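Asker: dropping a prediction and its sequence here:
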Amino acid sequence: MKQWMCMNCGYTYDPEAGDATQGIEPGTAWEDLPDDWICPHCAANKESFELEED
Amino acid sequence: MAASALQPLEDLDQPDFDAFAVERAMRGNHPDPYPLLERLRRQGSIHKLELHGLFSDEPDVEMSPLSHYAVLGYDACNRVLMDGETFTNKEAFQHSLGKSFGRTVTVMDGAEHERFRKVLQKAFLPKVVARWGDSLVAPVVDRLMSKFIDRGEADLITEYTHHFPFQIIYSMLLLDPDQAERFHKLAVAQLLSSAGHPQGPEATRKLGTFFAALLAQRRANPGDDLVSHLATVEVDGQYLDDDVLIAFLRQLVNAGGDTTYRATSILLTCLLNEPDLYEIVRRDRTLLPRAIEEALRWDGPVTTTFRYCQKDTEIDGVLIPEGSIVDVCLGSANRDPTKFENPNKFDINRERTVRHLSFAGGPHICVGQHLARVEMTRAMEAILDNLNNLRLDPDMPPPQIIGYVLRSPEHLYVKFDKA
Ligand code: HEM
């Protein structure tokens, strides 16, 4: 499975869950996250994320 | 890799100095900080107050003279932690962990922190540490358990939890297992600087000498271990600075062991205090991750962390002036009823919509959180699998979780059916 992981802390963005802490609805694809969205665990920006294959 | 080619770690000048007893005294034996934290939190999420003084009779010689603001509400704690520009680490930790470990990531901020942090975190990402469950964790927990499994009774703290995460780190670094006791002692002794004990700086210096030689050896002759990796990894065409690597290794032997042992001890206490719940988890291992997260939330071992306020900042109507030390009370945030229903109850079935702050949050969130989870899982599985009919020893004192900044029980006396 492909998933986006924060390289600063290891948090994985789960599109099915979204991110309630920043008002991101469940079902929001990675590509549709706003540019100013930050990692909800460590506050790193979107550029800190990499696509990981499981 | 021939660990024996290295000079062994030098012992303290006073070899019988009991670093563990001194450290225990330093931590204090406060039985339960939560009722007072709850009363304060009800009055407001921020107070001009040093928390340490509420729970310990011994002043913190470095920190107590400074002006402190205690942050107790979940949202306020999270806001402080997530804003690494306004609330920084360096000034908050340079006199404590900075003295013990040196130029570690904990005392860095901004771009410098990010640069080193990314390299270190990469070595501890979930998929990396998942592989260590079999290769590193299982052999250590099995070896420790083999020493008491035939006895039918044990103290699971002094014979098991107190050792396993430290020994996992020694294996990770390919250190000589015969020196495990000395490493453990010096890893703990490093922290005694903040209480003014000369053994603190002595341990810091001796670990530094050892790790400098270790880095040079592995750089000359790299294997596939963590030290070889860190010694040879390049960022922008350069090796990482040796002083940063040495500080990280000092921190690793301490922070990686001390916290995980306490968290596992608290988890075991929670489960063994409720035998029916222990049995439910034993039969349904899918519940183990929930039990681990709930134990971390309910009584995480690190109750408070610190930040330095860079500019006047108002949170929840309270002004935190520039130059203040902010006591970020993770333990209080984790019991905030606006986030966790019935927060004082240890309830593995609670909804997990809000994350606990036991690994902190923001740029300095724990590098080792994924490893800690693997370690706690394996240590618990070995117990659930092998110690049949495990129960608290009715003839011995029940476990009591004590301490303020770092919490755990000191003993956990159990009985089980002999193997
Ligand atoms: C249950 C076990 C653990 C707990 C509760 C815990 C807790 C924490 C907390 C609260 C912090 C944040 C400190 C701050 O406010 O700046 C932290 C940072 C850190 N932890 Fe852990 N920790 C645990 C296990 C580990 C392990 C196994 C390692 C080994 C890799 C580790 C390595 C670190 C490091 C290197 C930092 C500094 C990160 C930075 O400043 O960027 N921890 N930990």
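Answerer: Perfect, I can see it now.
Asker: for chain A, which residues score under the pLDDT cut-off?
Answerer: Residue ranges of chain A with pLDDT under 70: A:1, A:54.
Asker: let's see that with 80 instead.
Answerer: Scanning chain A for pLDDT under 80 picks out A:1-2, A:53-54.
Asker: how much space between the residue nearest to B:I402 when sequence neighbours are not counted and B:E58?
Answerer: The shortest distance from B:I402 to any non-neighbouring residue, by Cβ to Cβ, 6 or more residues apart in numbering or on different chains, is to B:N29 (4.6 Å). Every residue, glycine included, has its C-beta placed from N, CA and C. For B:N29, the distance to B:E58 (Cβ to Cβ, to the nearest Å) stands at 12 Å.
Asker: kindly report the same for B:Q14.
Answerer: Noted for B:Q14: a distance of 22 Å to B:E58, by Cβ to Cβ.
Asker: please say which of these two ends up with more neighbours.
Answerer: B:E58 (13 against 10; other Cβ atoms under 10 Å in any protein chain shown).
Asker: which residues of the stretch 151-300 of chain B fall in helices?
Answerer: B:164-172, B:180-189, B:199-220, B:226-232, B:242-272, B:275-283, B:288-299 (DSSP state H, counting those that start in this stretch).
Asker: and the second one with helix B:199-220, angle?
Answerer: I take that to be helix B:180-189. Counting by axes from the mean of the first three to the mean of the last three Cα atoms, to 10 degrees, helix B:180-189 lies at 120 degrees to helix B:199-220.
Asker: pull the CA atoms of stretch A:5-13 into CSV?
Answerer: Coordinates of each C-alpha in stretch A:5-13 appear next as CSV, following Å, rounded to 0.1, in the frame of the first residue of the first chain:
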residue,chain,number,x,y,z
MET,A,5,4.8,9.4,5.9
CYS,A,6,6.3,12.4,7.8
MET,A,7,10.1,12.0,7.8
ASN,A,8,10.4,14.1,10.9
CYS,A,9,8.4,11.9,13.2
GLY,A,10,7.0,8.8,11.4
TYR,A,11,3.3,9.9,11.4
THR,A,12,1.4,8.4,8.4
TYR,A,13,-1.4,10.4,6.8
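Asker: and chain B, is it touching that?
Answerer: Yes: on the criterion Cβ under 8 Å from any Cβ of the partner chain, stretch A:5-13 is in touch with chain B at A:M5, A:M7, A:N8, A:C9, A:G10, A:T12.
Asker: what about the fourth one, how many neighbours?
Answerer: By the measure other Cβ under 10 Å, the count of residues near A:C9 is 28.
Asker: so who does B:E375 touch?
Answerer: If you count contacts by Cβ atoms under 8 Å, 6 or more residues apart in numbering or on different chains, B:E375 has them with B:V137, B:F164, B:P165, B:I168, B:T260, B:T264.
Asker: against B:A255, how distant is the third one?
Answerer: Counting by Cβ to Cβ, the gap from B:P165 to B:A255 is 10 Å.
Asker: so which of the two has more stuff around it?
Answerer: Neighbours per residue (other Cβ under 10 Å) separate B:P165 from B:A255, with B:P165 holding more: 26 against 22.
Asker: measure that one to B:V141 for me?
Answerer: From B:P165 to B:V141 the distance is 10 Å (Cβ to Cβ).
Asker: with B:L173 instead?
Answerer: 18 Å.
Asker: higher neighbour count, those two?
Answerer: Between B:L173 and B:V141, counted using other Cβ under 10 Å, the more crowded position is B:V141 (24 against 20).
Asker: could you say which helix or strand contains the more buried one?
Answerer: Here B:V141 sits within helix B:138-146, counting by DSSP states H and E.
Asker: good, wrapping up.
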